[in-house]
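[1] this one's structure only:
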């Protein structure tokens, strides 16, 4: 096979990835053991301060908790909404390609920050919805924006996350559902299972691959994002992303790098999970 | 007691088994299904709709629609900072799309021709930028570029942002091309070489036409990702080189010029129109080919 000789075309990509993925990893690990002003190595000194801070700082704990709570709730809602939507599309008679385009790609042509800003405006006191609700005497459920509970759960942020990342849940689930062999469902029905049982015994187990990818694709960006909590969280909700951002903006690269490594650890864990269920990465698009 | 419950439950089951009830139940479920579906699409498009309404609003206030106007559309290119940001966004997105599509095609042919084990490893490596959190990608790239700054002091700005965008667009291109490559019959390439094609000609004339739909999908994904990106651009910009997202982020909380709503709406509609034109043209071409095919009676 002549095509096997084309393998060397990969080499530049490998080098590119090593420089842009491997090298920063090393820089980050080194930075966590230093105390420096940004990347200035001349004044840097060896120190464990960042590591000590990671385990003692209360802000880190709050940020982690807020991120996990809000991202977790957003992921669960995305799954509850996204699975049925993907299922409906996969079993519909319409041109599926068109619907998938409408559901996933076209919303992304509107700037996501602008969309979240629009949501923030909608959820605020001065919005049309609030006007209507006031007029019918339901003013106590609005505005959603300012409401916070001790758990760090912010409904506004969750709404923003769900509306932004829902497409990432729908797409992988749809991809697997569409590939399921319909004769398997017929076989299940022939063997006496009803529709519900067929779904839970055949369809759902076959779609686990897409569900795993979808959950990870929603959870990771929700967990680490910093623009949405900043826009919708009224500025005082600390997320792990906003924390990293503020550390880097204050030229404290050491602690920022350490927090990034914490996120990376979670990401590598989820990559291992995806690799286990989906070796060729076919559910990622 | 238990027999009563049993008979009651049997009655309920029998009630739902009646043909008339079963039919209405089926209809209700399908209605609920479609209402739900439409509602979700409505929710997804609600923010976009609000932005569109706002772009026609004479007043700058979000909650007060005073008068229908087109004036913000004329303002898009009036404000210098916004115009510059839009130009930068479009420039970066088109360059990043072009470069990552070309490179992505070459790399995915390379990945496809590896042995299975190596291919899986490459695919895993390829997933790193997709799954990695934007903020970590952004910071990693920034750190590398800061190191490069010792050699090239002026790279922060256009160059770094372009490189960063190519970095996160490439994996999407590769992932959309790889499945098409695995559908391709490898013997075709052998045949081309047997007919005295050079490897480069063989790739251009045999492989690329066969995977063109994957390349197009990849291009679309790359452009979409690049134009919508905020976090990675935010960390890898410099010297006042803003794209639209950074401009928006800087003006959130302050009174934002509604011209950006106009730009956003106009851009979405242009992209949708472009997509419709492309898909209509490709379906026309298909039909034309089909007619020619039947006329020639091959």
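    It's in. Small disclaimer: the values here were computed from a predicted structure and weren't measured.

[2] next secondary structure element downstream of the helix or strand containing residue B:95?
    Taking DSSP states H and E as the definition, residue B:95 sits inside helix B:80-112. Next helix or strand after helix B:80-112 toward the C-terminus (DSSP H and E): helix B:116-131.

[3] what's the mean pLDDT across that following helix?
    Here helix B:116-131 scores 83 as its mean pLDDT.

[4] what angle sits between it and helix B:80-112?
    When axes from the mean of the first three to the mean of the last three C-alpha atoms, to 10 degrees is applied, the directions of helix B:116-131 and helix B:80-112 differ by 170 degrees.

[5] which stretches of the stretch 151-298 of chain B have low pLDDT?
    Low-confidence segments of the stretch 151-298 of chain B, defined by pLDDT under 70: B:296-298.

[6] what does it put close to chain A?
    Within reach of chain A by C-beta under 8 Å from any C-beta of the partner chain, the stretch 151-298 of chain B has these residues: B:167, B:170, B:172, B:175-176, B:178-179, B:186, B:189-190, B:193, B:199, B:202-203, B:217, B:220-221, B:224-225, B:227-228, B:230-231, B:235, B:244-245, B:248-249, B:252, B:256, B:260-261, B:264, B:267-268, B:271-272, B:275. C-beta coordinates here come from the backbone N, C-alpha and C atoms, glycine included.

[7] mind checking which of those residues are buried?
    B:167, B:170, B:172, B:175-176, B:178-179, B:186, B:189, B:193, B:202-203, B:217, B:220-221, B:224-225, B:227-228, B:230-231, B:235, B:244-245, B:248-249, B:256, B:260-261, B:264, B:267-268, B:271, B:275 (16 or more other C-beta atoms under 10 Å in any protein chain shown).

[8] state the mean pLDDT of stretch A:205-219.
    In this model, stretch A:205-219 carries a mean pLDDT of 87.

[9] centre of the chain to that stretch, how far?
    How far stretch A:205-219 lies from its chain's middle: 12 Å, per C-alpha atoms, centre = their mean, to the nearest Å.

[10] what's around the closest residue to chain A within chain B, how many residues?
    Residue nearest to chain A within chain B: residue B:110 (3.0 Å; C-beta to the nearest C-beta). Neighbour count for residue B:110, taken as other C-beta atoms under 10 Å in any protein chain shown: 21.

[11] how about the closest residue to it other than its chain neighbours, what does it touch?
    Excluding its sequence neighbours, the residue lying closest to residue B:110 (C-beta to C-beta, 6 or more residues apart in numbering or on different chains) is residue A:9, at 3.0 Å. By C-beta atoms under 8 Å, 6 or more residues apart in numbering or on different chains, the residues touching residue A:9 are B:106, B:107, B:109, B:110, B:113.

[12] again, 10 Å this time
    B:105, B:106, B:107, B:108, B:109, B:110, B:111, B:112, B:113, B:114, B:199, B:203 (C-beta atoms under 10 Å, 6 or more residues apart in numbering or on different chains).

[13] quick one: stretch A:230-238 to chain centroid distance?
    18 Å.

[14] and it, average pLDDT?
    Here the average pLDDT along stretch A:230-238 is 76.

[15] for stretch A:59-74, same thing?
    Across stretch A:59-74, the average pLDDT comes to 86.

[16] list the buried residues of it.
    Buried-residue list, stretch A:59-74, by 16+ other C-beta under 10 Å: A:60, A:62, A:63, A:64, A:66, A:67, A:68, A:69, A:70, A:71, A:73, A:74.

[17] please identify the helix or strand for the first one.
    The reference is to residue A:60. Using DSSP H and E, the element containing residue A:60 is helix A:58-90.

[18] quick check, residue A:161 in contact with residue A:225.
    Yes: with contact defined as C-beta atoms under 10 Å, residue A:161 counts as touching residue A:225 (7.5 Å).

[19] what touches both of these two?
    A:70, A:71.

[20] which SS class is residue A:45?
    At residue A:45 the chain is in strand, as set by DSSP: H, G, I helix; E, B strand; the rest coil.

[21] check contacts around residue 202.
    Here I'm looking at chain A. A:180, A:181, A:184, A:185, A:187, A:188, A:189, A:193.

[22] wait, chain B
    When contacts are counted by C-beta under 10 Å, 6+ apart, residue B:202 is found next to A:2-3, A:6, B:188-196, B:208.

[23] need the buried ones from the contacts of residue A:9 selected in PyMOL.
    Those of those that count as buried under 16+ other C-beta under 10 Å are selected in PyMOL with:
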select buried, chain B and resi 105+106+107+108+109+110+111+112+113+114+203
